[in-house]
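Visitor: I'd like to go over a predicted model; first the sequence, then the structure.
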Amino acid sequence: MLPDQLGLLISTNMKLSLQWINSYLDRPVDATELQTVLTRQGLAVERAESVGNDIAVEVEVTSNRSDCQSHIGLAREVAAGTGRALVLPDFRLGDMSGTVAEVDSLVSIQTQDLDLCPLYTARVIQGIQVGPSPKWLIDRLEAIGLRSVNNVVDVTNFVLFELGQPLHAFDMHKLGEHRIVVRCARQGETFTAIDRTWHQLQDHMLVIADNRLPVAVAGVMGGADSEVSDATTDILLESAIFQPLSVRRTSRMLKLPSDSSYRFERGVDPLGVDRASRRAAMLIVELAGGALANGVIRIGADDPLPHRVELRLDRCRQLLGIDIKPQRVIELLNRLGLVPGLDDAGATVACKIPSHRLDLRREVDLIEEVARLHGLDEVPVRHRIEIVAQGMRPSVAARQKLGQLMVSAGYHETITFSFIAQKLGQPFLRQGESAVMIDGEQHGAEPMLRPSLLPSLLACRKSNQDVGNVDVALYEVAGTWGRQDGQIIERPQLAMLLDASDADQAIRSVRGIFDELVRQLVGQVDFEVIPANDSWCCPGLHLIRDRTVVGTIGLATTSILELFDLKTPLALGQFYLPMLIEQYPPVRRVAMLARFPAIERDLSVIVDEAVTWDRIETGIRQSRPPLMEQLIFLDTYRGKPIPKGRKSISFRMTFRDSQGTLRREQVDPQVSAVVDQLRQDLAIELRA
């Protein structure tokens, strides 16, 4: 799993040997042509330098081109770009005379997690003699910056840089019970790598273990306790596929990069696993002697079937802006081994994607390949371009308008991190939802994606409290997250926080701002208002639209204030953002200005404490006063002379007749009808 058992400078670039790459071409290429071809095809050459009789070339390989992290992969690119033929070595196992045992009688392999290790293979070679490598092998490795260790380790390094498939050789006699178990580390297990660094493992890290302890970190590095030494006589040769994200995460957390982890992170050829194993076994027997056990132990997925991707020639012309003839397209794709075929209509080219090209999944990927090989320099450059001026998108304009309204109301915008401590976010989870947690060291103290923006605003209020700021008004617009039925749900949200020295006034202010946002961004929308019983607000109310809670307003509870160590009462509000911005700009209704004056009637009614304004408003509208134009809530009063358990609610009714001037005789009966309806429904008393 580690190319050089004694350490190697890891580079994100691929370092290749000119002589080595020429061994896979029917005609040699010189350094100048090599640099020109690779650069033209999107693989920039960083530098070239002489190393003895060879030339080492460093090539920058993009992360999607894992097939180019090997000499054969880059030779394939050179062949495609120059018309040369690719000459591959013989990967067939020859006559291994002296083989006396079946591999599964010598070693036991068990894989406990096929998700993290989709494929694991093992071969056994007995009776080898570890010693120095031949000069040709040493020269190949030294040309790319590797130091020779011994003939066995050098072969695994050679095959890694030849085929791009990481391998690892274990000393069989250092494996307890000659057993390999691919499993996750147990919490608290430790591991000493072959570079002699010590590491504490975590239970999500995949390891290669014997019957007791880890002998390697899967896909990253082998262990010192099982490395090949001069005394080794029998080896187990591992070739496998490990899940890229698992390898990347483990390598980063252990701060243990290697050339193997670099390749596993980007993906390896699933058909190259056995090919590399056979190639290494053949070379080890050739250079170190010994006998190869019959067969191979293979646990995991079968070889994948080749998939097909189609390219529409019209789409290719549209994207590239040039007309490349169908036969030219087929020629270029054929150079890459994609076996292209033109359909009967001459409009579509179907390609069979080889297993080493993990990056070719869509039509546009094939079009990019055509462009690379045809030559990007052949694509004409237009010296004039057309720009179509477009207006601001409604959603963007709505966000700007929202910000202007909030700032004009005296609020300050905050921009905070999406991660919070779990104890701060838990009270704000919706009913039936669970927290979305992010596992990783960088989020150790704040691993929870916030279910609401209010914890962030409360934390900002605490910062303002610490520096002595008062009369604070904050708002934020951002995403929130929750998990429901196993699915992660993201909800864009607007949240407000307002200091509430006068609780009633603060609640009305937050509700008033929300109403103004609705008027300006949506138009006239009626909401049902019901009491809220959320754990973070008391008292509170829900705003309902289409039987869905689109907003919640309330005073922060004592427990919430204590949780954030806040000393000031606060009014809070959170609202579903798409409801505010998706209908922007609002459709306005236009009407003639009133020609005749209105008559207003202010009433104060005494009701039980449990009666809400919403119930009074509903009762008034149900009585349907024919000339009532507007109904406005004015005030709530508690205290003398109102009896305990009762309150006085004041409201204003505006009446107008579009046909003429109203008289008192027309309005008074309608007011009386409203009062009678409220007496019947809510047992009100009319206050003098």
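Guide: Nice, thanks for sending it over. In this text the structure is predicted, and so the values were computed from the model without any measurement.
Visitor: Please verify my assumption that residue 211 contacts residue 181.
Guide: Yes - at 7.3 Å, residue 211 and residue 181 qualify as touching, with contact defined as C-beta atoms under 8 Å. (Each C-beta comes from the backbone N, C-alpha and C, glycine too.)
Visitor: Enumerate every residue touching the residue nearest to residue 621 when sequence neighbours are not counted.
Guide: Nearest non-adjacent residue to residue 621, counting by C-beta to C-beta, 6 or more residues apart in numbering: residue 631, 7.3 Å away. For residue 631, the contacting residues are 617, 620-621, 651-654, by C-beta atoms under 8 Å, 6 or more residues apart in numbering.
Visitor: Would you tell me what helix or strand residue 169 is located in?
Guide: Under the criterion of DSSP states H and E, residue 169 resides in strand 167-171.
Visitor: What strands line up against that strand, and which way round?
Guide: Take DSSP bridges as the rule and strand 167-171 pairs in its sheet with strand 235-241 (antiparallel).
Visitor: ok, and for the strand it pairs with, which residues are buried?
Guide: Residues of strand 235-241 classed as buried by neighbour count (16 or more other C-beta atoms under 10 Å): 235-241.
Visitor: how about those residues in CSV, adding distance to residue 295 and pLDDT?
Guide: Output for those, formatted as CSV (distance: C-beta to C-beta, whole Å; pLDDT from 0 to 100):
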residue, distance to residue 295, pLDDT
235, 16, 97
236, 13, 97
237, 13, 97
238, 15, 97
239, 14, 97
240, 17, 97
241, 20, 97
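Visitor: List just the nearest of those to residue 643.
Guide: residue 241 (79.2 Å; C-beta to C-beta).
Visitor: Now the closest one. Nearest residue, chain neighbours left out?
Guide: Residue nearest to residue 241 in three dimensions, not counting chain neighbours: residue 119, with 4.4 Å by C-beta to C-beta, 6+ apart.
Visitor: now residue 657
Guide: What sits nearest to residue 657 in space, not counting adjacent residues and going by C-beta to C-beta, 6+ apart, is residue 627, at 5.7 Å.
Visitor: quick one, helices of the stretch 401-550 of the chain?
Guide: Remark: helices assigned in the stretch 401-550 of the chain by DSSP state H, counting those that start in this stretch are 422-425, 454-466, 503-521.
Visitor: Quick check: which helices or strands does the second one pack against?
Guide: Counting contacts by 3 or more C-beta pairs under 8 Å, 6 or more residues apart in numbering; DSSP states H and E, helix 454-466 is packed against strand 419-420, helix 422-425, strand 473-484, strand 487-499, strand 570-576.
Visitor: Check those for me and report the most buried one.
Guide: Mean neighbour count, computed with mean count of other C-beta atoms under 10 Å, is highest for strand 570-576 among the helices and strands packed on helix 454-466, reaching a mean of 25.
Visitor: Paired strands for that one, with orientation please.
Guide: strand 487-499 (antiparallel), strand 548-556 (antiparallel).
Visitor: what's in contact with it?
Guide: Outside strand 570-576, the residues that touch it by C-beta under 8 Å, 6+ apart are 452-454, 457-458, 461, 491-500, 503, 506-507, 509-511, 514, 517, 536-537, 543, 550-556, 561.
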